[in-house]
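Visitor: Sharing a model prediction with you, sequence too.
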Amino acid sequence: MKDHFTLDDLGIEGRTVIYRVDINSPLKEGTLELANDNRIREILPTLRELLNRRAKVIILAHQSRPGKWDYTSMERHARRTSELLGVDVPYVNDIWGEEAKKAISRLKPGEAIMLRNVRDEKGEMDKLSMEEHSHARMVRELSALADLYVSDAFGAAHRSQCSLVGFQAVLPSAAGRLMEKELEALRQVIDDPSHPCVFVLGGSKFSDAIKVVDRVLKENIADKVLLVGLAGNAFLKAKGVALGKKSEDILMEEFTEDNLAAAKVLLEVYGEHIETPVDVALDDNGKRKDVPLSALPSELPIMDIGKETAARFSDIVSKACTVFISGPAGVIEREEFSLGTRAIMEATVSGDTFSVIGGGHTVSAAQKYGCCDRFSYVSTGGGALENYIMGKPLPVVEALKAAYKRGKGK
Ligand code: 3PG
Ligand code: MG
């Protein structure tokens with residue numbers, strides 16, 4: 001059921017649009033050049049549409065967060081956006097002061113500017129509600145100069161920050177095309193998956209994996225959950241498999257007694273739907289060594305799922321109708337430990353399965369293996385995606401819903 005406005009619902013011609021995007025990108029250390037422009041490419045359809053429909057577009061965005069090495073200006077992002085769009089998008093080193101106001105007043109229909117990193121604004125990152133943020137100076141100053149607010153910031157949708165949720169209370173607001181696509185893909189995985197539906201969960205955030213397993217099995221979203229990477233090792237430990245000191249030390253950062261207890265309960269209640277590795281690959285002095293679980297504990301660290309597990313899991317995903325993959329199966333930075341991740345991804349895209357991947361690491365792996373384009377949907381979200389999958393409301397989406405209710409009530 002429709003619960004937010006889209007660009008189809010708004011009169012855009014000649015209007016001034018605040019367009020909040022998430023083009024927070026990995027940068028190269030030292031030069032701070034963009035290491036990956038995926039998120040910029042993903043906003044182009046909305047941006048083109050806004051410009052073709054003769055809007056005056058004010059782009060709001062952030063890069064990293066204060067205190068981090070890659071916290072920097074949006075100037076490079078504006079340059080890259082201009083290159084990819086083929087239309088100049090000037091950078092304005094201000095958010096709502098005189099310089100920004102002047103640039104906004106000079107905008108003509110079909111033109112866009114990109115403002116300064118919004119996280120330079122005091123209060124931007126305060127965790128406040130949509131209502132509280134709507135009184136912020138930035139929102140008051142900018143909304144007075146704009147007619148509409150459009151959000152494509154799915155990647156930051158789990159943050160209740162000023163420029164992300166403050167405008168929806170005061171301006172007619174809609175989801176951009178990217179936000180629409182993200183929400184539709186997730187709807188197809190979470191709300192209305194074709195069965196069998198398989199979730200492949202890996203990566204390092206074991207405590208999040210527990211919440212996802214719980215939700216997707218409790219709500220009959222997934223028929224099977226395949227656990228790989230650290231999540232796989234953690235569930236093996238919960239089953240009573242001693243992994244060996246090195247592997248267990250790596251787990252300990254995330255692994256608490258509470259996690260262990262939660263994993264045990266999940267295994268008890270949903271055991272038949274949870275698959276853990278049947279063999280693992282160890283790092284034997286730089287070489288891959290596949291061993292069965294009976295060879296554990298080992299002093300050598302576990303770096304990937306084993307070949308037999310890779311084959312079994314590949315078989316399961318290739319027979320599924322819906323597959324969601326979050327997190328690699330092994331240490332993909334090393335070629336010899338990429339086997340598991342690669343095998344599962346290739347098996348997933350080999351059929352006509354509806355397949356979704358997300359998270360920076362997972363997407364870069366798919367790009368490296370040349371199968372990224374063959375997934376049905378590649379999400380720009382990392383944290384936002386995980387929160388959605390865990391069933392947590394996303395503040396940015398909630399703000400768009402509130403704007404829809406308000407707008408429809410008028
Ligand atoms: C992200 O990439 O995670 C989003 O842009 C949000 O950024 P944050 O994690 O620094 O809040
Ligand atoms: Mg983040």
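Guide: Okay, I see it. Numbering: from 1, shown residues only. Ligands and ions are numbered 1, 2, ... in the order given.
Visitor: For the spatially closest residue to residue 254 that is not a sequence neighbour, give me the pLDDT.
Guide: Distance criterion CB to CB, 6 or more residues apart in numbering; nearest residue to residue 254, sequence neighbours excluded, is residue 206 at 4.4 Å. C-beta coordinates here come from the backbone N, C-alpha and C atoms, glycine included. pLDDT recorded at residue 206 is 81.
Visitor: What count of nearby residues applies to residue 206?
Guide: 27 (other CB atoms under 10 Å).
Visitor: Tell me which residues are up against stretch 133-143.
Guide: 18, 58, 60, 95-96, 100-101, 118, 121, 123-124, 126, 149, 160-163, 165-171 (CB atoms under 8 Å, 6 or more residues apart in numbering).
Visitor: Name the residues of that stretch that come out as buried.
Guide: 133-134, 136, 138-139, 142-143 (16 or more other CB atoms under 10 Å).
Visitor: What of stretch 212-225?
Guide: In stretch 212-225, the ones that count as buried by 16+ other CB under 10 Å are 212-217, 221-225.
Visitor: Can you measure across it, start residue to end residue?
Guide: End-to-end distance for stretch 212-225, by CA to CA, to the nearest Å: 10 Å.
Visitor: what's next to it, contact-wise?
Guide: Outside of stretch 212-225, the residues within contact range by CB under 8 Å, 6+ apart are 189-190, 193, 195-201, 227, 262, 266, 269-270, 273-275, 316, 320, 324, 326, 386, 389-391.
Visitor: could you flag which of these are buried?
Guide: 189-190, 193, 196-201, 227, 262, 266, 270, 273-275, 316, 320, 324, 326, 386, 389-390.
Visitor: Let's see which of these end up in strands.
Guide: Among the buried ones among the contacts of stretch 212-225, the members falling in strands (DSSP state E) are 197-201, 227, 274-275, 324, 326.
Visitor: which other residues reach the helix or strand hosting residue 235?
Guide: Assigned by DSSP states H and E, residue 235 falls within helix 229-238. Here helix 229-238 makes contact (CB under 8 Å, 6+ apart) with 201-204, 206, 209, 227, 243, 247-248, 250-251, 254-255, 259-260, 263-264, 267, 274, 276-277, 280, 293, 302, 305, 327-330.
Visitor: Packing partners of the helix or strand following that helix?
Guide: With elements assigned by DSSP H and E, the helix or strand that comes after helix 229-238 is helix 245-252. For helix 245-252, the packing partners by 3 or more CB pairs under 8 Å, 6 or more residues apart in numbering; DSSP states H and E come out as helix 229-238.
Visitor: What mean pLDDT does the helix it packs on get?
Guide: Mean predicted confidence for helix 229-238 is 94.
Visitor: Just want the angle from that helix to strand 197-201.
Guide: If you take axes from the mean of the first three to the mean of the last three CA atoms, to 10 degrees, helix 229-238 sits at 90 degrees to strand 197-201.
Visitor: Which residues are in contact with the residue nearest to residue 254?
Guide: 230-231, 234, 251, 254-255, 259.
Visitor: Among those, which one has the most neighbours?
Guide: If you rank the contacts of residue 206 by neighbour count (other CB under 10 Å), residue 231 sits at the top with 31 neighbours.
Visitor: so how far is residue 306 from it?
Guide: Distance, residue 231 to residue 306, by CB to CB, to the nearest Å: 16 Å.
Visitor: nearest residue to the residue in the stretch 151-300 of the chain that ligand 1 sits nearest to other than its sequence neighbours?
Guide: Distance from ligand 1 to each residue of the stretch 151-300 of the chain (CB to the nearest ligand atom) is smallest for residue 156, at 4.1 Å. Of all residues not flanking residue 156 in the chain, residue 22 sits nearest, at 4.4 Å (CB to CB, 6+ apart).
Visitor: ok, that neighbour touching residue 59?
Guide: No. Taking contacts as CB atoms under 8 Å, residue 22 lies outside contact range of residue 59: 11.3 Å.
Visitor: The protein against ligand 1: which residues are in contact?
Guide: By the rule CB under 6 Å from any ligand atom, the part of the chain lying against ligand 1 is 22, 24, 65, 155-156, 159, 382-383.
Visitor: which residues in the stretch 251-400 of the chain form helices?
Guide: Taking DSSP state H, counting those that start in this stretch as the criterion, the stretch 251-400 of the chain contains helices spanning 257-270, 307-318, 339-349, 360-368, 383-390, 395-409.
Visitor: now the stretch 51-200 of the chain
Guide: Under DSSP H, counting those that start in this stretch, the stretch 51-200 of the chain gives helices at 75-85, 98-106, 130-133, 137-143, 162-165, 177-186.
Visitor: Those helices: which one's closest to residue 4?
Guide: helix 177-186 (7.9 Å; CB to CB).
Visitor: and the closest one with helix 395-409, angle?
Guide: Using the same axes, to 10 degrees: helix 177-186 against helix 395-409 is 100 degrees.
Visitor: and residue 258, how many neighbours does it have?
Guide: Neighbours of residue 258 using other CB under 10 Å come to 10.
Visitor: who touches it in this structure?
Guide: With CB under 8 Å, 6+ apart, residue 258 has no contacts at all.
Visitor: hmm, try it at 10 Å
Guide: Listed by CB atoms under 10 Å, 6 or more residues apart in numbering, the contact partners of residue 258 are 207, 210.
Visitor: Show the pLDDT at whichever residue of the chain sits closest to ligand 1.
Guide: Residue nearest to ligand 1 within the chain: residue 24 (3.4 Å; CB to the nearest ligand atom). You'll see residue 24 listed with a pLDDT of 97.
Visitor: swap in residue 360?
Guide: The model's pLDDT for residue 360 equals 84.
Visitor: Tell me how far residue 123 lies from residue 163.
Guide: Distance of residue 123 to residue 163, computed by CB to CB: 10 Å.
Visitor: Give me the more crowded residue out of these two.
Guide: residue 163 (28 against 15).
Visitor: In this model residue 116 seems to touch that one, though I could be wrong.
Guide: No. Counting by CB atoms under 10 Å, residue 163 stays clear of residue 116, with 11.1 Å between them.
Visitor: Need the residues touching each of the two.
Guide: Common neighbours of residue 163 and residue 116 (CB under 10 Å, 6+ apart) are 60-62, 95.
Visitor: Of these, which belong to strands?
Guide: Those of the shared contacts of residue 163 and residue 116 lying in strands (DSSP E): residue 60.
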